[in-house]
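1. I'll drop the sequence and a predicted model, then ask my questions.
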Amino acid sequence: MNGELNSYCARLRVSPRYVEVVSAPPASSVLVVGYRACFATAPKPGTPVAAFPAITSASTTTTVAAPPMALVSIERAAQIIRDREIHWEEGNFGVSGVHWCLIPVDPTVDSRFVIAEGWWAAGGYQAVLTRSVIANAPTAPTVVAVHNTHPSTSRNRW
C-alpha cells in the first residue's frame, strides 16, 4: 500500500448508537480522497470533489484496497421565500449547524472524483479521521458518520 495514501485511510467502526443492531463494517477503512463544502443541502451525484494534495489522480488510489469517499460538510439552513425574495435562515425546524460525513465517490474519465450516484444515508458506521485528513479540513471533527447506505433498500455501497 502507498505509504502517503495510507495516511488518508480513515478507520471504520460501528457507531455507539447502533452497536445492538449493526454488524461489523464490511471494510476496515475507507480512503478519504478529498473534501466538499456545501450550503443548505447535501451534494448531488456528479458534484466534483476537491482532491487532497497527495491524491494526484484517481488512478493513484488503485494501490489502496479501501473504498474511496469524500469528506463533506453541509451547512444546514432553511430556504425562506417572502415576496418573491429568497433568503436562508438558520434555526428553522432544528436544521441549523454544520453536519460532517463521508460520502462515496466515483472516478471520472479525466481521473478526478465526483459524488457517486445514489441516495446515501448514514448506515450505522463512523470513521475516525487521520491527522492528514484533518490537516486538509481543519474544522472537521475527528469522528464523522459514514453515509454509505441506500435508505430505501438498506444496501451498503460496498
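-> Happy to help now that I have it.
2. mind listing what's buried along the longest helix along the chain?
-> Looking across the chain with DSSP state H, the single longest helix is helix 131-136. Across helix 131-136, burial judged by 16 or more other Cβ atoms under 10 Å covers 132, 133, 136. Where C-beta positions appear, they are placed from N, C-alpha and C, glycine not excepted.
3. in contact with the second one, which residues?
-> Contacts here follow Cβ atoms under 8 Å, 6 or more residues apart in numbering; on that basis residue 133 touches 8, 10, 32, 52, 71, 140.
4. next one: the last one from residue 158, what distance?
-> Think residue 140. Per Cβ to Cβ, to the nearest Å, residue 140 is found 22 Å from residue 158.
5. dump the residue contacts of residue 120.
-> The contact partners of residue 120, taken as Cβ under 8 Å, 6+ apart, are 103, 104, 147, 148, 149, 150, 157.
6. which helix or strand contains the residue nearest the centre of the chain?
-> Nearest to the geometric centre of the chain sits residue 102, at 1.9 Å (Cα atoms, centre = their mean). In the assignment (DSSP states H and E), residue 102 maps to strand 97-107.
7. for that strand, output the C-alpha coordinates as PDB.
-> Provided in PDB are the C-alpha atoms of strand 97-107 (Å, rounded to 0.1, in the frame of the first residue of the first chain):
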ATOM      1  CA  GLY A  97     -25.400  24.000  12.100                       C
ATOM      2  CA  VAL A  98     -22.700  22.100  10.200                       C
ATOM      3  CA  HIS A  99     -23.100  18.400   9.500                       C
ATOM      4  CA  TRP A 100     -20.000  16.400   8.600                       C
ATOM      5  CA  CYS A 101     -20.000  13.000   6.900                       C
ATOM      6  CA  LEU A 102     -18.200  10.800   4.400                       C
ATOM      7  CA  ILE A 103     -20.000  10.100   1.100                       C
ATOM      8  CA  PRO A 104     -18.900   7.600  -1.600                       C
ATOM      9  CA  VAL A 105     -17.200   9.000  -4.700                       C
ATOM     10  CA  ASP A 106     -16.600   7.700  -8.200                       C
ATOM     11  CA  PRO A 107     -13.600   8.400 -10.500                       C
END
